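S.K.: Just need the structure, nothing else, for what follows:
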Amino acid sequence: MLAVALGGLAVNLLAMWLLHAGAEESLNLRGAYLEVLGDAFASIAVIAAAVVIQTTGILVVDPIASGLIGLFMVPRTLALIRQAVHVLMEGAPPHLDVREIEQALAAVPGAQAVHDLHVWTLTSGKDAMSAHAVITDAAPTEQITQALHDLVHERFGIEHATIQLEPAAPRPDQGQMPPRNGGRICGTSSGTICVDAPAADRAARNGGPGGV
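M.R.: Numbers count the residues shown, from 1 in each chain. Model (predicted):
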């Protein structure tokens, strides 16, 4: 019993050393690390139990040691479950500030505001984002789309971003502004993005509410 526990402890310590760095970044590796950590403490408990049994003959020490190891792993297991559920429920990544992302996007030249901003984790180390950006009528859609994508990628590390552009509502003193491209505002950045102009603008352009 003692010899097997010593051999198991050596293997578990080696596995913990190999998994430690990756456990900080990957939820899967963190689960594997906790499994090996539990095995390592189990080996220590078995070593202690073997010594006690050999010197005192008290056999109940073995199940007591097993129970203590289980109690030791409960809080770490619950923490791992919470992290997994957070990813499955598409919660915001804890290392990203959604408010900070919103303010940064709204500060891009040509953008007026950002709404319906959502950030979630696809898998460990890969975050995704979707948002609606209100842009000025004179803003070049292709350039502003590229600028928004570059910002979230370079500053926040978000590789998969879906950003929908919306024209700003005209001020009352300006009257109705005719939309570009026959009712749509289009731009390209990793694909073509077209945004419908407001229905009121399309109706005014086509002669009233019944226009098509």
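S.K.: domain assignment for this protein?
M.R.: Recorded structural domains for the chain (assignment: automatic domain parsing) are 2-88, 98-205.
S.K.: Which one of those domains has the poorest average confidence?
M.R.: In terms of mean pLDDT, the lowest-scoring of those is domain 98-205 (a mean of 72).
S.K.: follow-up on the earlier one: any chance of the domains of the chain in CSV with mean neighbour count as columns?
M.R.: Where you see a C-beta, it was placed from the backbone N, CA and C, and this is true even at glycine. Putting the domains of the chain into CSV (neighbours: other C-beta atoms under 10 Å) gives the following:
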stretch, mean neighbour count
domain 2-88, 15
domain 98-205, 15
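S.K.: now could you export just the CA positions of the helix or strand encompassing His132 as PDB?
M.R.: With elements delineated by DSSP states H and E, His132 resides in strand 126-135, which encompasses its position. The C-alpha atoms that make up strand 126-135 are tabulated as PDB, following Å, rounded to 0.1, in the frame of the first residue of the first chain:
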ATOM      1  CA  LYS A 126     -12.000  32.600 -27.600                       C
ATOM      2  CA  ASP A 127     -14.500  35.500 -27.000                       C
ATOM      3  CA  ALA A 128     -17.200  36.800 -29.300                       C
ATOM      4  CA  MET A 129     -19.100  40.100 -29.500                       C
ATOM      5  CA  SER A 130     -22.100  41.600 -31.300                       C
ATOM      6  CA  ALA A 131     -23.200  45.200 -31.300                       C
ATOM      7  CA  HIS A 132     -25.100  47.900 -33.100                       C
ATOM      8  CA  ALA A 133     -23.100  51.000 -33.900                       C
ATOM      9  CA  VAL A 134     -24.900  54.300 -34.800                       C
ATOM     10  CA  ILE A 135     -22.800  56.200 -37.300                       C
END
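S.K.: Return the list of strands paired to it, each annotated with direction.
M.R.: Sheet pairing of strand 126-135 (DSSP bridges) gives strand 111-123 (antiparallel), strand 160-167 (parallel).
S.K.: Just the C-alpha atoms of stretch 22-40, please, in PDB.
M.R.: Taking Å, rounded to 0.1, in the frame of the first residue of the first chain, the C-alpha atoms of stretch 22-40 are listed here in PDB:
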ATOM      1  CA  GLY A  22      -2.400  25.500 -19.300                       C
ATOM      2  CA  ALA A  23      -4.800  25.300 -16.400                       C
ATOM      3  CA  GLU A  24      -4.800  29.100 -16.200                       C
ATOM      4  CA  GLU A  25      -6.100  29.500 -19.700                       C
ATOM      5  CA  SER A  26      -8.200  26.400 -20.600                       C
ATOM      6  CA  LEU A  27     -11.300  25.200 -18.800                       C
ATOM      7  CA  ASN A  28     -10.600  21.600 -20.000                       C
ATOM      8  CA  LEU A  29      -7.000  21.600 -18.700                       C
ATOM      9  CA  ARG A  30      -8.200  23.100 -15.400                       C
ATOM     10  CA  GLY A  31     -10.500  20.200 -15.000                       C
ATOM     11  CA  ALA A  32      -7.700  17.800 -15.700                       C
ATOM     12  CA  TYR A  33      -5.400  19.700 -13.300                       C
ATOM     13  CA  LEU A  34      -8.000  19.400 -10.500                       C
ATOM     14  CA  GLU A  35      -8.300  15.700 -11.200                       C
ATOM     15  CA  VAL A  36      -4.600  15.200 -10.900                       C
ATOM     16  CA  LEU A  37      -4.500  17.500  -7.800                       C
ATOM     17  CA  GLY A  38      -7.100  15.300  -6.100                       C
ATOM     18  CA  ASP A  39      -5.200  12.200  -7.000                       C
ATOM     19  CA  ALA A  40      -2.000  13.700  -5.500                       C
END
